[in-house]
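S.K.: My questions concern the predicted model and sequence given below.
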Amino acid sequence: MQQAERQALPPRDRSVWQRRLVRFLRTKPLAAFGAFIILLLLSMALFAEIIAPYPYNKAEVGESLQPPSHLHWMGTDNQGRDIFSRVVYGARISIAISLGAVLMGTLLATLVGTVSGYFGGTFDLLLQRVVDAWMAFPWLVLLVSIMAIVGRGITNLTVALGILVAAEGSRVIRSATLSVKEQTYMEAARAAGASHRRMLWRYIIPNVVAPIIITATVSLGSVILAEASLSFLGFGVPPPYPSWGRMLNSSGRVFMVRAPWMVIWAGVAISLTVFAFNMVGDALRDMLDPRLRGS
């Protein structure tokens, strides 16, 4: 019996999944390309020591400002460090911070959005005014202020970005909660004497999973861009850890004309990453939103 369960799917099921994959590639080519880039970034983040040919902070004075070659695929910077290795290790920093911030922000947004939309009334009014005040500040000014107070560091940066994600995501989740709250099965569960905890965990949260996934996926690109912006301004990840944003700012601006590859590859990495997450987020929204699924 166990051997039969471990067997591969029958040809009919395999053909169904193959048709779905082909249909996805045909209807969402940009999303498929974005998913490929995300898988590549995850591989770079997980296996940076294997992929990178040099340590990210290894400096060789005699190899400074070398153009791209077979020894240094993306050239070297003014300290002789291999740019390809720093881009690979920079992917680990960006992915780790963005995933941590989005996970924290999504959990906080889910808590605020579901509780606010479910209870409603004065509690919802006061909580949403707090969210409005938080969202009224320009995000870059707010992040710079937070980092100036708590100091630089991966943990501080992750928490600051997570709070920023939670403010915007809670609005979307609250709207979905208000829609679910008016369904007939909610009235039946309430009439049966279900507690508030059971109503939230058993009926509200499972029915707002799609908006939660979409919000988290779309937020990943914005978080990576925000992290790069803070690193560019000097409030991001401290040295010697490589960061795509600091690679654009540190010596890249000084040697931009003489060695343009110092800023080009970091900019390409940021652009491709943001593009990939945005495309995958849009595709998930189209597939999970019932109003867009038919189109």
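M.R.: Yep, that arrived.

S.K.: any idea where the helices of the stretch 51-200 of the chain begin and end?
M.R.: 83-119, 121-136, 139-150, 154-181, 184-191, 196-198 (DSSP state H, counting those that start in this stretch).

S.K.: Nearest to P239, out of those?
M.R.: P239 lies closest, by CB to CB, to one member of these: helix 83-119, at 11.6 Å. Where you see a C-beta, it was placed from the backbone N, CA and C, and this is true even at glycine.

S.K.: May I have the phi/psi pair for V208?
M.R.: phi -120, psi 20 (degrees, to the nearest 10).

S.K.: and the nearest residue to G169 once chain neighbours are set aside, how many neighbours?
M.R.: Spatially, and ignoring its direct neighbours in sequence, G169 is nearest to A109 (3.4 Å; CB to CB, 6 or more residues apart in numbering). Using other CB atoms under 10 Å, A109 is surrounded by 29 other residues.

S.K.: Am I right that A109 is in contact with T215?
M.R.: Yes: the pair A109 / T215 is scored as a contact, 7.0 Å apart, by CB atoms under 8 Å.

S.K.: which stretch of helix or strand covers the most centrally placed residue in the chain?
M.R.: The geometric centre of the chain, computed from its C-alpha atoms, lies nearest to L220 (CA atoms, centre = their mean), at 1.8 Å. Here L220, judged by DSSP states H and E, is contained in helix 209-233.

S.K.: Helix 139-150 and that helix, what's the angle between them?
M.R.: Taking axes from the mean of the first three to the mean of the last three CA atoms, to 10 degrees, one finds that helix 209-233 is oriented at 70 degrees with respect to helix 139-150.

S.K.: Now helix 209-233: average pLDDT?
M.R.: Averaging the model's pLDDT scores along helix 209-233 yields 86.

S.K.: Name the residues of it that come out as buried.
M.R.: Residues of helix 209-233 classed as buried: 211-212, 214-232 (neighbour count, 16 or more other CB atoms under 10 Å).
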